[in-house]
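In: no sequence on this one, just coordinates:
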């Protein structure tokens, strides 16, 4: 009887060990599945910028395939839309930046891509107004500019005459804000499915060439806003290219960031 009790106890303990091992294996497998999406972001370096006052800005950095410190490189600042706000330092990659990973693009052009993330409930422009003249730069947008000038430009050899800004929706609005508030800082701007305020366009702002993208059936930002911005930009003597798609609604970025002609044009632009 005692031997039998020892035997059953042994079986119980062995069973527990087997089930524990299986459970750990399952949990490990589940953890692997959960972590898998991060491998898709490996080319983008996860970083956090902290300025002198302690303010922080999470961002992703896509460097050129082969960096040579003796060369200067263009840099693109990408501003995400409202759906990508938060603090995970990952969601913005799903709304355009991954399209910049195209091998043909990266083999043809060497560049840095900077993708900051503003917090949930925040934005790239101040609370007043939707246009770049009425709205000021948000704290996050100021940090993004600081990141380019105070941090990355010291770490890497970035070409100050080939800084570019692009953004989607709320981020495209941020591009208009930057062009209005910091004329000449960027060599070109690419607002995509973005709102703007034509009445606030200035003579200094239009000195920066832009290429605007929008879809004619955009249900969140009416296409007329893009058309009006392009029209006033041209009337005031600025260079404004415009591509209007059909049937993409508020997702014109899915096609805009695959246009090889646009990238050729972009990297040919230099600040005066």
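Out: Right, received. Where do you want to start? Note that the structure is predicted; figures quoted are calculated from it, not measured.

In: Please count neighbours and contacts with C-alpha atoms only from this point.
Out: Will do.

In: Could you list the low-confidence segments of the stretch 1-150 of the chain?
Out: The stretch 1-150 of the chain contains residues with pLDDT under 70 at 1-41, 127-134.

In: Can you give me the distance of residue 235 to residue 242?
Out: For residue 235, the distance to residue 242 equals 14 Å [C-alpha to C-alpha, to the nearest Å].

In: So these two - more neighbours on which side?
Out: Taking other C-alpha atoms under 10 Å, residue 235 and residue 242 do not tie; residue 242 has more neighbours (16 against 12).

In: Give the partner strands of the helix or strand harbouring residue 160 in its sheet and their orientations.
Out: Using DSSP states H and E, residue 160 maps to strand 158-168. Using DSSP bridges, the strands paired with strand 158-168 are strand 73-79 (parallel), strand 188-192 (parallel).

In: ok, residues contacting it?
Out: Contact with strand 158-168 is made by 72-81, 95, 152, 172-175, 185-194, 253, 266-267, 269-272, as judged by C-alpha atoms under 8 Å, 6 or more residues apart in numbering.

In: and with 6 Å instead?
Out: Identification of contacts with strand 158-168 by C-alpha atoms under 6 Å, 6 or more residues apart in numbering yields 72-81, 186-192, 270-271.

In: What of stretch 195-210?
Out: Against stretch 195-210 from outside (C-alpha under 6 Å, 6+ apart): 131, 133, 173, 179-180, 183, 188-190, 225, 229, 233, 238-240.

In: buried stuff in it?
Out: 195-198, 200-202, 205-210 (16 or more other C-alpha atoms under 10 Å).

In: how about a markdown table for those, with pLDDT and distance to residue 51 added?
Out: As requested, the buried residues of stretch 195-210 are arranged in a markdown table below (pLDDT from 0 to 100; distance: C-alpha to C-alpha, whole Å):
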| residue | pLDDT | distance to residue 51 |
| --- | --- | --- |
| 195 | 95 | 30 |
| 196 | 92 | 30 |
| 197 | 89 | 31 |
| 198 | 92 | 34 |
| 200 | 85 | 31 |
| 201 | 93 | 31 |
| 202 | 94 | 31 |
| 205 | 96 | 28 |
| 206 | 97 | 31 |
| 207 | 97 | 30 |
| 208 | 98 | 28 |
| 209 | 98 | 30 |
| 210 | 98 | 30 |
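
In: Residue 57: which of those is nearest?
Out: Nearest to residue 57 out of those is residue 195 (C-alpha to C-alpha; 24.2 Å).
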